[in-house]
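Asks: What would the 3D arrangement of this be:
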Amino acid sequence: MTIPQITNRRRFPHLVFAVFFMICLIFGALLGLSQPANAAPLEGHPAQSTSYTGAEKCAECHEQIVTLWQGTRHANAYSSPIFQKDWVERGSAVSCLSCHTTGYDPASGEFFEEGVSCEACHGAFQPGHPLQQMPIEPNAELCSTCHKNTTDEWRASPHNAAGVQCKSCHDPHAQQPKAATVTELCSNCHKERGDSFTHGTHANSGLQCSNCHMYTKPREGDPIEGLVPTGHTFSVGSDACIGCHQDTVHTRDTIVQLTGSTSAPPPSLEELQQLVHSQEEEISTIKAQADVRLYTGLAQGAIVGLLTGGAAAWVVSRRITVIEEEDNG
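Replies: Residues are numbered from 1 along each chain as shown. I've put the predicted structure just below:
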């Protein structure tokens, strides 16, 4: 007579299943939490390739654009005397070349072309172009790779809150405002304020919107590492007034009666409370989205774990034999 003896080896498939299930569950949860709320991959970012061809290749079809670009600060970002002086003083640090050249390779410290040329923003030339489009998303995320100070100021401005991106005001090729004057550019959106400004003493004195709303103190020397304020918060502080009225700002001179609309009153307590309430709702929504992503990741991990763990356990169980022992009684 033979009696099957069940050994601890019969438990091995269950152990394999549990291990695979837990690995998939943890991976699913981490994958869910790794995705930021209200964010999506930046499509059209410059391609990570090394097949650069240079601005001359682009000029074969885009001669007018390349002509606009030539002579700009982007084109002369490497040859600029200010940059060369500062770069030499810093020991010719190769990290500076990531913003002042095109095709910079941090591994070797070499670059393809001097200055910020077409492929610095559009990515390396695609062999199938023009059928294969050159990828680019000309927004603040792209510009911030080099212009961090400016984009940080912009993020704190009403323009950011209204969705007004860099390209809304700037021509990236000519690096000029998209209007004949700054005041004309601002008046495209701020029509009522533009009408009142044109009849004021500031406009009659030859000032433009940027003289006050983008005021920065005159530089007394070259910028250090190119880091200078650019006035992209668009706020008017007392230093803007003092810049012109330093002789009269503390006197009792008669104030010239200006025409035009007055400045808007400060927000009321009720408006501030509504703003706080809306921000609290937004925070709650983001937290809820994070919870949903976590649970979704757990569910996906559980499903994959059940399938892979069950399959692994079945394969292991098929390889285990039952040990039979002869009963000599």
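
Asks: Okay, now the unreliable bits of this structure?
Replies: 1-14, 16-17, 20-21, 24-25, 27-50, 194, 198-199, 221-226, 249-264, 319-329 (pLDDT under 70).

Asks: Could you chop it up by domain?
Replies: The domain map for the chain lists 2-35+293-326, 45-136, with the assignment taken from automatic domain parsing.

Asks: Turn those into JSON lines, columns for mean neighbour count and distance to Gln273.
Replies: Using the backbone N, CA and C atoms, a C-beta is placed for each residue, glycine as well. Shown next, in JSON lines, are the domains of the chain (neighbours: other CB atoms under 10 Å; distance: least, CB to CB, whole Å):
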{"stretch": "domain 2-35+293-326", "mean neighbour count": "14", "distance to Gln273": "31"}
{"stretch": "domain 45-136", "mean neighbour count": "15", "distance to Gln273": "40"}
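
Asks: So which of those domains is nearest Pro172?
Replies: Closest approach to Pro172 among these (CB to CB): domain 45-136, 7.1 Å.

Asks: So what's the gap between that closest one and the chain middle?
Replies: 19 Å (CA atoms, centre = their mean, to the nearest Å).

Asks: Distance to Glu280 for the domains of the chain - can I get that in JSON lines?
Replies: As requested, the domains of the chain are exported to JSON lines (distance: least, CB to CB, whole Å):
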{"stretch": "domain 2-35+293-326", "distance to Glu280": "21"}
{"stretch": "domain 45-136", "distance to Glu280": "34"}
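
Asks: how about those, which one is nearest Thr151?
Replies: Closest among these, using CB to CB: domain 45-136, at 13.1 Å.

Asks: thought Cys143 was touching Asp152?
Replies: No. Here Cys143 does not reach Asp152: they are 11.3 Å apart, not a contact under CB atoms under 8 Å.

Asks: Could you look up the SS state of Cys241?
Replies: Of the three states, Cys241 takes helix under DSSP: H, G, I helix; E, B strand; the rest coil.

Asks: Distance check, it against Tyr215.
Replies: As judged by CB to CB, to the nearest Å, Cys241 and Tyr215 stand 9 Å apart.

Asks: Please apply the same query to Leu306.
Replies: 64 Å.

Asks: now swap in Ser168 and tell me
Replies: 21 Å.

Asks: go on, Ile136?
Replies: 32 Å.

Asks: still on that earlier bit, looking at Cys143 and Asp152, which has the bigger crowd around it?
Replies: Cys143 (19 against 14; other CB atoms under 10 Å).

Asks: Okay, strands next: where are they in the stretch 201-329 of the chain?
Replies: Listed in chain order, the strands found in the stretch 201-329 of the chain under DSSP state E, counting those that start in this stretch are 323-326.

Asks: Would you map the helices across it?
Replies: Remark: helices assigned in the stretch 201-329 of the chain by DSSP state H, counting those that start in this stretch are 201-204, 209-213, 238-245, 269-318.

Asks: other SSEs contacting the longest one?
Replies: In this structure, helix 269-318 packs against helix 12-33, with contacts taken as 3 or more CB pairs under 8 Å, 6 or more residues apart in numbering; DSSP states H and E.
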